[in-house]
Structure formats: structure tokens, C-alpha cells
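> How does the following fold in three dimensions:
(one chain, ligands or ions: 1)
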Amino acid sequence: MPELPDLLYVLKTLRERLVGREVTAERVREPVVLRFAVRGNLSLVLGRSLHEIFRKSHFLVFRFEGLDLAVNPMLAGRFKLSAPGAKAEGSLAFALEFGDVELRYLDDKSMGKAYLIATDDWKAIAGMQTGGIDVLSPAFTRERFASLLKRRRDQVRVFLLDKKALDSIGNAYADEILFEAGIHPKTWCRSLTHDDAVRLHRAIVHVMSEAVAEVERRGEPIEVKVRDFLKVRLKESCPRCGSKLRTAGVKGMDAYFCPRCQPATRAGLVDWTRTGK
Ligand SMILES: [Zn+2]
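Now for the predicted structure:
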């Protein structure tokens with residue numbers, strides 16, 4: 001899944017290139033990713049101009065007059081801008097041509113979903129989870145975060161990934177944030193102290209806004225996922241203390257963490273500092 005910084009960069013780039021332009025052609029290669037909550041098919045957008053593109057949860061929404069095309073790239077989906085007529089990728093699912101530029105949606109696994117709906121008809125979309133606080137907005141205050149945290153009965157990493165609470169953090173940045181805050185991924189939310197909560201809030205804002213700036217600074221084509229600046233995710237050793245990084249299963253997801261900088265906070269967890277490795 002593209003993480004928030006990737007999605008914001010894609011959004012900004014697509015806005016600059018496509019908003020105000022008219023759809024001149026469409027093609028569909030992988031119909032399984034398209035769902036229609038209106039009668040018709042993708043040709044409904046032909047001749048319509050693109051009014052706006054915005055993010056709603058993990059969807060990018062392309063707003064045409066009377067119609068919204070909402071795309072959730074899921075695990076493997078990517079957007080790409082190409083010259084019309086350039087050789088199509090094997091993973092091309094569908095494309096919209098805007099005069100001299102073509103927006104392609106590529107998906108190696110065909111797991112992403114694109115919904116064509118009447119304007120604002122969000123209830124037509126299964127899995128449209130909203131309600132989480134945008135962690136990059138001014139509404140995401142320390143107090144608001146603390147009150148969310150107080151109600152949780154789960155592990156801190158599960159909470160960070162909950163899209164109904166926070167909009168939005170994925171696997172890669174959950175690891176970076178917990179590393180930054182020095183908190184073990186399997187820590188129960190209820191055992192976090194006030195100081196932990198303050199540090200965690202600060203880490204979320206810091207890690208996510210730095211990542212947004214870094215992805216933008218790189219200026220790669222939008223189909224490229226910029227991840228090499230991450231400190232712990234998929235890495236071997238801790239950049240702070242040099243310890244070998246470990247993984248822990250948290251609700252079926254692999255969490256990367258440093259056993260020394262993020263010490264265990266619960267009985268029964270493997271104490272990696274004592275295994276001698
Ligand atoms: Zn460390």
C-alpha cells in the first residue's frame with residue numbers, strides 16, 4: 001500500500017499535471033479492478049474535465065462533473081504518467097488519456113480497486129474507512145491523541161495502523177515511528193505513560209512530515225516508491241546503537257524494531273539483549 005507520504009506526492013504531481021484537463025480516451029486492460037456504482041463503464045468519463053483530485057482515506061479521488069473515480073491502490077497499485085501510445089506495461093489495469101498525457105493505473109496483483117460512483121456517493125464503496133484524524137493536520141493535537149490512546153485495549157502498533165483512528169500510517173512508517181519514540185511494537189496501549197504518549201505523538205508528526213518532505217525533495221517519477229531513507233524497516237542493524245534489528249509478529253504483520261532502543265515492556269516477550277546474539 002502506498003503510505004501517506006507517497007500518496008501525497010502522487011496527489012500533488014497529478015494535480016499539477018491533470019486538473020482542468022479533459023479525458024480524450026480511456027482503455028481498460030484489467031476489468032477486475034473496476035467497480036461501477038453507476039450504470040455504464042469507464043467511457044462515462046470521456047469528454048468530461050477533471051475538476052479536482054483529492055485524498056480520502058487511502059483512496060485517491062478523481063472528481064469529474066457528476067462522477068467520482070475513487071482508486072485504492074491496495075498492496076501493489078501504482079500511478080504513472082506516460083506519453084499516450086507509449087508501450088503499455090504488463091501490469092497496466094486501465095488508463096485515461098488527457099490530450100498529450102496519459103494517466104496509467106498499474107497493478108501487478110490486480111488487488112487494487114477503482115470505483116466509479118455518483119459524486120460523493122461514498123456508501124457505494126465497500127471498505128471506505130473514514131473517521132481517522134489526519135496525522136498531518138492541525139487537528140492532530142497532543143490532547144486529541146492522548147484521548148484516543150486512553151480508550152485503546154490493544155497493542156500500540158495495532159493502534160497506529162487503525163485507519164478508523166489515525167489517517168493514516170502503514171507498516172513501514174509504524175516501524176519508523178515506534179523506533180523514533182523508543183517504544184516496543186508489542187507494548188499495550190494502556191501501559192504507555194504520559195511521557196510515552198507525548199513522545200509517540202511527537203514521533204508521528206516528525207516522522208510523517210519529514211517523509212513527506214523527503215519524498216517530495218527526491219522528485220522521482222510517481223510510480224517509484226522512495227523508501228531507502230527509512231531507518232529500520234527491512235534493515236539489518238540499528239542506525240543508533242548498531243544492534244541487530246529484530247522482527248516481531250504483531251497481529252500477523254512483521255514489525256521491525258531494535259531490541260536495545262525499544263526494550264520489551266511485557267513479560268513473555270523474547271529478551272533479545274540476553275540471547276547473546
Ligand atoms: Zn538501537
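
> Mind checking the pLDDT average for stretch 202-214?
Mean pLDDT, computed over stretch 202-214, is 98.

> got any ranges where the stretch 101-250 of the chain has weak pLDDT?
129 (pLDDT under 70).

> quick one, what contacts G40?
G40 is in contact with L116, counting by CB atoms under 8 Å, 6 or more residues apart in numbering. C-beta: built from backbone N, CA, C; applies to glycine.

> Mind listing what's buried along the longest helix belonging to the chain?
Looking across the chain with DSSP state H, the single longest helix is helix 194-218. Under the neighbour-count criterion of 16 or more other CB atoms under 10 Å, helix 194-218 has 196-197, 199-201, 203-205, 207-208, 211-212, 215 buried.

> number of nearby residues for the residue lying closest to L75 once chain neighbours are set aside?
In space, and not counting its chain neighbours, L75 is closest to M111: 5.3 Å by CB to CB, 6 or more residues apart in numbering. Neighbours of M111 under the rule other CB atoms under 10 Å: 15.

> before we move on, back to that, in terms of secondary structure, what does the longest helix of the chain contact?
Other elements packing on helix 194-218 under the criterion 3 or more CB pairs under 8 Å, 6 or more residues apart in numbering; DSSP states H and E are helix 4-18, helix 142-150, helix 171-181.

> Go through those and pick out the most buried.
Mean neighbour count (mean count of other CB atoms under 10 Å) peaks for helix 171-181 among those, with a mean of 24.

> and the angle from that helix to helix 194-218?
Here helix 171-181 runs at an angle of 130 degrees relative to helix 194-218 (axes from the mean of the first three to the mean of the last three CA atoms, to 10 degrees).

> could you redo the buried residues of helix 194-218 as a markdown table and give each row distance to F59?
Formatted as a markdown table, the buried residues of helix 194-218 follow (distance: CB to CB, whole Å):
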| residue | distance to F59 |
| --- | --- |
| D196 | 32 |
| A197 | 30 |
| R199 | 31 |
| L200 | 27 |
| H201 | 26 |
| A203 | 26 |
| I204 | 21 |
| V205 | 23 |
| V207 | 23 |
| M208 | 18 |
| A211 | 20 |
| V212 | 18 |
| V215 | 19 |
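
> now the closest residue to G132 other than its chain neighbours: how far from F79?
Using CB to CB, 6+ apart and skipping the chain neighbours, the partner closest in space to G132 is D167 (3.6 Å). D167 sits 20 Å away from F79 when distances are taken as CB to CB, to the nearest Å.

> which SS state does P263 fall under?
coil (DSSP: H, G, I helix; E, B strand; the rest coil).

> Next one: it from the ion, what distance?
10 Å (CB to the ion, to the nearest Å).

> F79 contacts D107, doesn't it?
No - applying CB atoms under 8 Å, one finds F79 not in contact with D107, separated by 10.1 Å.

> more crowded one of those two?
More crowded of F79 and D107, by other CB under 10 Å: D107, with 24 against 21.

> Run through the bridge partners of the more buried one.
Bridge pairing for D107 (DSSP bridges) gives the partners G77.

> Who are the contact partners of it?
By CB under 8 Å, 6+ apart, the contact list for D107 reads E30, V33, P73, M74, A76, G77, R78, S91, A93.

> Export those residues as CSV, with columns for pLDDT, neighbour count and distance to the ion.
Output for the contacts of D107, formatted as CSV (pLDDT from 0 to 100; neighbours: other CB atoms under 10 Å; distance: CB to the ion, whole Å):
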residue, pLDDT, neighbour count, distance to the ion
E30, 93, 16, 43
V33, 93, 23, 41
P73, 92, 24, 32
M74, 86, 17, 32
A76, 87, 15, 31
G77, 94, 24, 34
R78, 95, 22, 33
S91, 95, 18, 38
A93, 96, 23, 41
